[in-house]
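J.: pasting the sequence and the predicted coordinates here, then a few questions.
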Amino acid sequence: MQKTSRSWIGLFGCVLVFLAASCEPPEYESSLPEGDAPTVGSTAALRTEGETADAIGGPGEDAVWVSSEAGLDASAGKLRITMVDVGQGDGFLIEFPNGKVMALDGGPSSSKFANYLSSRGITQIDYAVLSHGHNDHYAGLTPVLSLLPSDCVARVFDPGLNRRDVAGYNSFRSAAGCNYQAIGIGASLLIDPAIEVSVLAASSRRVGSSDDSHGVNNTSVILRVRYGRFSILFQGDAETEAERLTYDASRSLLRSTVLKAGHHGSCTSSANTYLSTVAPQYVLISVSETNSYGMPHCQTMAKLKRRSGLRWARTDENGTTRLVSDGSRYTVIRSKGRESEDSCPRDCASPQDF
Ligand SMILES: [Zn+2]
């Protein structure tokens with residue numbers, strides 16, 4: 001076990017040290033034990049001095065869903081996550097308790113995500129993560145990179161897929177400039193001492209298929225964000241192949257309160273074993289109501305319906321959806337529509353599962 005931990009340190013220490021050195025705050029940085037870089041999935045390095053596992057909640061103790069913000073602890077810092085209705089794509093805004101702001105994908109439109117930030121009066125973002133190199137994720141993220149501070153700190157991350165494989169998003173990398181840094185499995189983003197942000201998957205090479213749509217989808221960053229007993233797993237468009245690899249490598253780290261379903265509710269994601277391992281209470285699906293792919297596919301909705309007590313929200317039915325957590329409880333606020341609407345355009349022809 002110890003040997004395994006050390007090898008992880010060797011592999012990823014430089015990434016972790018680099019990110020820690022670039023991400024503020026200095027008080028937090030100094031709380032890291034010298035010469036003992038965090039291991040993958042370890043919570044130790046992400047705690048502030050004096051905190052214990054019990055104080056911020058260990059794995060297996062899930063946060064509790066409440067029906068409104070009134071049910072949250074008014075005095076606790078809030079983690080706020082917004083699934084912006086960007087049409088057929090993903091666009092998420094993550095606001096940390098310490099005030100830092102991260103954009104995670106930005107949808108296919110050059111204006112919808114930026115307009116949402118503007119409507120909220122958000123004029124600066126601190127970090128941006130692109131899950132993978134497809135237009136429905138980077139096109140709306142590129143314009144908001146202009147809201148980053150003017151420095152050369154590592155603030156913009158993607159899986160580092162070779163530009164020749166994804167020529168279309170050269171503009172994204174160019175806009176990121178010297179803020180750009182590739183991230184890989186095992187990295188942690190040290191943004192807020194109260195929040196653990198762990199990269200469970202991200203590949204700089206196509207995964208499982210040389211075909212663009214599947215091979216690039218499977219490079220997606222799988223990002224787990226944890227605040228106390230609340231956790232959410234984002235996975236871009238990761239499909240079953242990437243889910244299986246992540247399950248094989250990191251199954252003990254997957255369990256999360258909320259799952260952002262892979263690939264807009266496609267039947268090529270949300271494998272049964274993966275769903276059972278994540279064991280979410282709540283699922284988020286970002287999908288347009290008029291998409292030609294027939295998403296969310298009926299096979300995926302059937303899997304969700306079979307899981308007792310599971311709730312979900314989807315942008316095609318519920319519009320922009322906000323999630324707020326105090327670290328012990330969370331609530332989900334929809335713009336419109338019923339929760340857990342199970343309508344679906346059609347079955348897909350080639351469902352995948354494991
Ligand atoms: Zn997509």
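T.: On my side now, so go ahead. Residues are numbered from 1 along each chain as shown.

J.: now Asn272. Nearest residue, chain neighbours left out?
T.: Asp353 (5.7 Å; Cβ to Cβ, 6 or more residues apart in numbering). Quick note: C-beta positions are derived from backbone N, CA and C, even for glycine.

J.: would you check how far apart that neighbour and Glu241 are?
T.: Distance of Asp353 to Glu241, given as Cβ to Cβ, to the nearest Å: 11 Å.

J.: which one of those two has more residues nearby?
T.: Glu241 (20 against 17; other Cβ atoms under 10 Å).

J.: residues in contact with the more buried one?
T.: Listed by Cβ atoms under 8 Å, 6 or more residues apart in numbering, the contact set of Glu241 reads 207-209, 214, 218, 352.

J.: could you do Gly236 as well?
T.: Here Gly236 is in contact with 90, 105, 131-132, 137, 217, 220-222, 262-263 (criterion: Cβ under 8 Å, 6+ apart).

J.: just to revisit the earlier point, before we move on, could you check phi and psi at the residue nearest to Asn272?
T.: Torsion angles at Asp353 (phi, psi; degrees, to the nearest 10) stand at phi -160, psi 160.

J.: looks like it contacts Ser269 (just checking).
T.: No: if you go by Cβ atoms under 8 Å, Asp353 and Ser269 don't touch, sitting 9.9 Å apart.

J.: what residues are shared contacts of the two?
T.: Thr240.

J.: OK, contacts around the closest residue to Arg307 other than its chain neighbours?
T.: Leaving aside its sequence neighbours, Arg307 sits nearest to Leu275 (Cβ to Cβ, 6+ apart; 7.1 Å). Counting by Cβ under 8 Å, 6+ apart, Leu275 touches 259, 303, 307.

J.: and the last one, what's its pLDDT?
T.: Each residue has a pLDDT score; the one for Arg307 is 96.

J.: neighbours of it, how many?
T.: 16.

J.: same check, this time on the second one
T.: Lys303 has 21 neighbouring residues, counting by other Cβ under 10 Å.

J.: try the first one
T.: Using other Cβ under 10 Å, Leu259 has 26 other residues around it.

J.: where do the helices of the stretch 51-200 of the chain begin and end?
T.: For the stretch 51-200 of the chain, helices defined by DSSP state H, counting those that start in this stretch occupy the ranges 53-56, 112-119, 135-138, 141-144, 170-176.

J.: could you list the buried residues of the longest one?
T.: Of the residues in helix 112-119, those with enough neighbours to count as buried (16 or more other Cβ atoms under 10 Å) are 112-114, 116-117.

J.: show me what it is packed up against.
T.: Under the contact definition 3 or more Cβ pairs under 8 Å, 6 or more residues apart in numbering; DSSP states H and E, helix 112-119 sits against strand 91-95, strand 101-106, helix 141-144.

J.: out of those, which is closest to the ion?
T.: Set against the ion and scored by Cβ to the ion, the helices and strands packed on helix 112-119 come closest in strand 101-106, at 8.2 Å.
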